[in-house]
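Asks: Got a predicted structure plus its sequence, pasted below:
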Amino acid sequence: MPSTRPPSSSPPSTAVASVTEKPAAAGPARTPGRKPADYATQAAQPVRFLKGVGPRFEPMLAKLDLHTVGDLWFHLPLRWEDRTRLTAIRDLRHGVDAQVEAEVQSGGVRIGGRRQYVAELSDGTGTLRLRLLHFSASQVEAYTPGTRLRLYGTPRVGMYGAEFTHPKIQRVDADAPAPVEETLTPVYPTTDGLSPEHLRKLIGLALALLPPDAELDLLPTRLRRELELPSLREALLTVHRPPPEIDRKALLEGATAAQRRLAFEELLAHQLSMRLKRAAQRRQQAPRLGGDGGLRQRYLEQLPFPLTGAQTRVSAEIAADLAEDAPMLRLVQGDVGAGKTVVAALAALAAIESGMQAALLAPTELLAEQHYRNFTRWLTPLGLPPVWLAGKLTGRAKAKALADIAAGAPLAVGTHALITEAVAFPRLGLVIIDEQHRFGVGQRLALRDKGLSPDGGQVPHQLTLTATPIPRTLAMVDYADLDVSVLDELPPGRKPIQTVVVSSDRRDEVVARIRAACAAGRQAYWVCTLIEASEEIRAEDAEATAELLAAALPDVRVGLVHGRLKPKEKEAAMAAFAAGETQLLVATTVIEVGVDVPNASLMIIENPERLGLAQLHQLRGRVGRGSAQSSCVLLYQPPLGELARSRLGVLRESNDGFRIAEEDLRLRGPGELLGTRQTGHLGFRVADLSRHQDLLTPARAAADQLLREDPKRADALVQRWVGASLRYSAA
């Protein structure tokens, strides 16, 4: 008879909050009835071949993108529960997950207040209370005095003893003790109707079909030894079924050898897919753009400032790309105020000089309008007025814009309206996308397709701009298919913005500072994180703030702009501030990009602890655009936690957007930094750029080597980890 491990109070994993009955031990995985003769084909077998799937569960698995046995191998746990030991009731600790085995002493349904089932249990070392707010009649009948139950969950331990609310429950035979689990119990992402236990069983059946190392592993043995990584089979079995003695801290942090093996392979597959994507793009044809340079020279002569060294260097890199017949795929990143728009204008003029059209796509009307105003000011004197197209255009104005573009207008500037079916470019040679990460893959493809030649053999060049400084690690991953240029030099005369962190208790002092700045002829921003008040989030709302500031500053003209204003109202508010008609602009984060008012020298950001560092840096960049010394006040809501204090300290100490971005990546992860939770990038299952940075360089080197020496193995790795997303290889 198997014996249970002795009770222990060592801390297990995380909480579980549902009521289920399951067998006392999982036992070995059962092999499906149908099994292909060749192990190499196991991964491709549909999940319906597994016992227990059937027509009911197959659609549920499909919702999780689980279609084959191989998909189940790589459906990895979110967390793990420790059911390998029993803990005595006397050793339970508040909030620390544990597994207890005890006998029901009494129990019944209580009607006072909310209807609930409450039972008292004892294991001889102490008593605990079991509380169920949702229960069935069969449970009430089954949990009679003398019944022995095994509970797993998070206990609350107070002055009246320990209590479990909705733990995992299983009945055990008091005369034949059931063994505890031999490994940690995985908890997988699941969907409605598919219980965690059933999914765990199906994955167990799939793991029983794992082929031997020689057939499963796609990494060269030499590479595995160099990086001290286990085989894929060993890594998968360890992550799905960690032994109880595993380093729990390392497991939760994704730092075990098994997790590093999976992370490395995923990073390698990603690097391979990006290289294959780039190779496919470069095989396409694009028009050679350049002309005689006359328009560009006239444009430079009318600028009131010389180009910085960085602008000159990056413009030369772009010009060299445009002169080739392979499509340019270049990202220009630069800190706020580095002059990306000037570089984009030179690229557009290269296209126009060659008789082609250029299109600039921006994610918001505010940013698109800023670009349109700049290009109108620069290009109209050259006889090249740009066309403006946005969703708010209607009637004759919209019809004229569409007709001008269809007639070959040299430059079109706009928002998503540029990618609608009604827009037709006869000679689109260059696509410029600002803040690419704010667009979905399909949207970027739609604009590129506007420039496809009739036979589909020619595509436009693509230039991407971003004012979000991208950490080198992130650029190596998410932009590995692009050439990257960095504008790392600010125009001369710009002074660093002085940043201070101030408690909202000193709000009156901040208001006085605004009064002084406006009296001196300067303008100021006051940024709120919400439009309207919220009871749940401690943030001041823009509308109420504008009213309060107007009352506190009767001699200051206060404006208001936020995303819910009608386009004409928003445009009027911005125009009034740009013209100096209003001195203080109260705004939400809609002013993060695309606002250029050199006379504004003071910015107040309320509740900065709610925003990421990169976004705060972008907002701060709305000041400091003139010659006057500018300041940014971060007005936080106390108390300020240690992490928030550390983050704001980085912003106070540095104006270097790249350093700030690196810190944001470390603290918040890549998805939050770039807003890619919404746009679908960086959907790694195992790899974490904050934890696995050291694996990125060897993954890049291995990708280059595999493509040279074993392209079939490279393709297999990409199919294993990237799969269906390859259909976007041209994005």
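Replies: Structure received. Residues are numbered from 1 along each chain as shown.

Asks: Kindly provide the distance from the closest residue to residue 342 other than its chain neighbours to residue 340.
Replies: In space, and not counting its chain neighbours, residue 342 is closest to residue 311: 6.1 Å by C-beta to C-beta, 6 or more residues apart in numbering. (C-beta placed from N, C-alpha, C; glycine too.) Distance from residue 311 to residue 340, counting by C-beta to C-beta, to the nearest Å: 9 Å.

Asks: Quick one: neighbours of the residue nearest to residue 342, just the number.
Replies: 21 (other C-beta atoms under 10 Å).

Asks: for the record, mean pLDDT for the helix or strand encompassing it?
Replies: Assigned by DSSP states H and E, residue 311 belongs to helix 309-322. Mean pLDDT, computed over helix 309-322, is 96.

Asks: for stretch 101-116, same thing?
Replies: Mean predicted confidence for stretch 101-116 is 90.

Asks: Tell me the buried residues in that stretch?
Replies: Going by neighbour count (16 or more other C-beta atoms under 10 Å), the buried part of stretch 101-116 is 101, 102, 104, 107.

Asks: got CSV for those residues, with distance to residue 188 and secondary structure too?
Replies: Below are those laid out as CSV (distance: C-beta to C-beta, whole Å; DSSP: H, G, I helix; E, B strand; the rest coil):
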residue, distance to residue 188, secondary structure
101, 25, strand
102, 28, strand
104, 31, strand
107, 32, strand
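
Asks: thinking again about what came up before, the residue nearest to residue 342 and residue 344 touch, don't they?
Replies: No. Applying C-beta atoms under 8 Å, one finds residue 311 not in contact with residue 344, separated by 10.7 Å.

Asks: So which of the buried residues of stretch 101-116 is the closest to residue 374?
Replies: Checking these against residue 374 with C-beta to C-beta, the nearest one is residue 101 at 72.0 Å.

Asks: Roughly how far does the closest residue to that closest one other than its chain neighbours sit from residue 88?
Replies: Nearest residue to residue 101 in three dimensions, chain neighbours excluded: residue 150, at 4.8 Å (C-beta to C-beta, 6+ apart). For residue 150, the distance to residue 88 equals 13 Å [C-beta to C-beta].

Asks: And for residue 448?
Replies: For residue 448, the distance to residue 88 equals 65 Å [C-beta to C-beta].

Asks: between the two, which one's more packed in?
Replies: Here residue 448 and residue 88 are compared on neighbour count by other C-beta under 10 Å; more neighbours surround residue 448, at 22 against 18.

Asks: need the contact list for that one.
Replies: Taking C-beta atoms under 8 Å, 6 or more residues apart in numbering, we find residue 448 in contact with 431, 459, 460, 462, 730.

Asks: Could you check which helix or strand contains it?
Replies: Per DSSP H and E: helix 441-449 holds residue 448.

Asks: Please parse the chain into its domains.
Replies: What automatic domain parsing lists as the domains of the chain is 39-207, 213-283+705-728, 294-487, 498-654.

Asks: ends of the longest one, how far apart?
Replies: Looking back up the chat, that one is domain 294-487. Length of domain 294-487, first residue to last, C-alpha to C-alpha, to the nearest Å: 24 Å.

Asks: Ok, stretch 65-78 next?
Replies: Per C-alpha to C-alpha, the first residue of stretch 65-78 is 16 Å away from its last.

Asks: thought residue 604 was touching residue 525?
Replies: Yes. Using C-beta under 8 Å, residue 604 is in contact with residue 525, at 6.9 Å.
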